[in-house]
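> pasting a predicted model and its sequence here:
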Amino acid sequence: MITFTLNNEKRSVDADPDTPLLWVIRDEIGLTGTKFGCGAGLCGACTVHLDGEPVRSCQTLISDVAELNITTIEGIDGKAAKAIQTAWEEIEVPQCGYCQSGQIMSATSLLAQNPKPSDAEIDEAMDGNVCRCATYVRIRKAIHHASDLMEA
Ligand code: FES
Ligand code: FES
């Protein structure tokens, strides 16, 4: 049995230690906001926070998260998350939407650590999150907008 905290709730799962966290989140627990994209750590669709840091849940073993705190798109909260959510809506960032929960997880973590990021810092933080609809310009604009909302 492996125990961890998911979105502020204690969870225990009886899973093979080599099971990717993404499988547990989606298939065992049923939270489907975190997406499967490449399964190889290349697209960022599966991004969640592990003790506040963005990680690729397809590349994180369930045995590696024992006793740690995981946050998914369903559970993000706080000033940066609220600003990102508002900015995403106001700038109308998503197109098909598939990559967007991963984008939001990375963007929220960036703003929580760096409330006024430069373009270069945004590009660096968001580098591993691929968008096949190429919403990158709107993503960058929305992160700047969220940064302004946090200041207001
Ligand atoms: S599904 Fe995890 S990085 Fe693509
Ligand atoms: S909005 Fe379609 S993949 Fe990003």
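Right, received. Where do you want to start? Numbers count the residues shown, from 1 in each chain. Ligands and ions are numbered 1, 2, ... in the order given.
> let's see the pLDDT reported for the most far-flung residue of the chain relative to its centre.
Distance from the centre of the chain peaks at Met1, with 25.4 Å (CA atoms, centre = their mean). With respect to pLDDT, Met1 has a value of 92.
> just list the residues touching it, thanks.
Neighbouring residues of Met1 by CB atoms under 8 Å, 6 or more residues apart in numbering: Ser12, Val13, Asp14. Just so you know, the C-beta spots here come from the backbone N, C-alpha and C atoms, and that holds for glycine as well.
> can you tell me which of these is closest to Thr72?
Ranked by distance to Thr72 (CB to CB), the contacts of Met1 are led by Val13 at 14.5 Å.
> for the closest one, give its distance to ligand 2.
29 Å (CB to the nearest ligand atom, to the nearest Å).
> which of the contacts of Met1 are buried?
Buried members of the contacts of Met1, scored by 16 or more other CB atoms under 10 Å, are Val13.
> which of the contacts of Met1 lies closest to Gln95?
Val13 (34.0 Å).
> any idea what the closest one is bridged to?
Ile2 (DSSP bridges).
> need the per-residue pLDDT for it.
For Val13, pLDDT reads 96.
> run through the residues of the chain sitting next to ligand 1.
Phe36, Gly37, Cys38, Gly39, Gly41, Leu42, Cys43, Gly44, Ala45, Cys46, Arg56, Cys58 (CB under 6 Å from any ligand atom).
> swap in 5 Å and give it another go.
Residues of the chain that fall close to ligand 1, judged by CB under 5 Å from any ligand atom: Gly37, Cys38, Gly41, Cys43, Ala45, Cys46, Arg56, Cys58.
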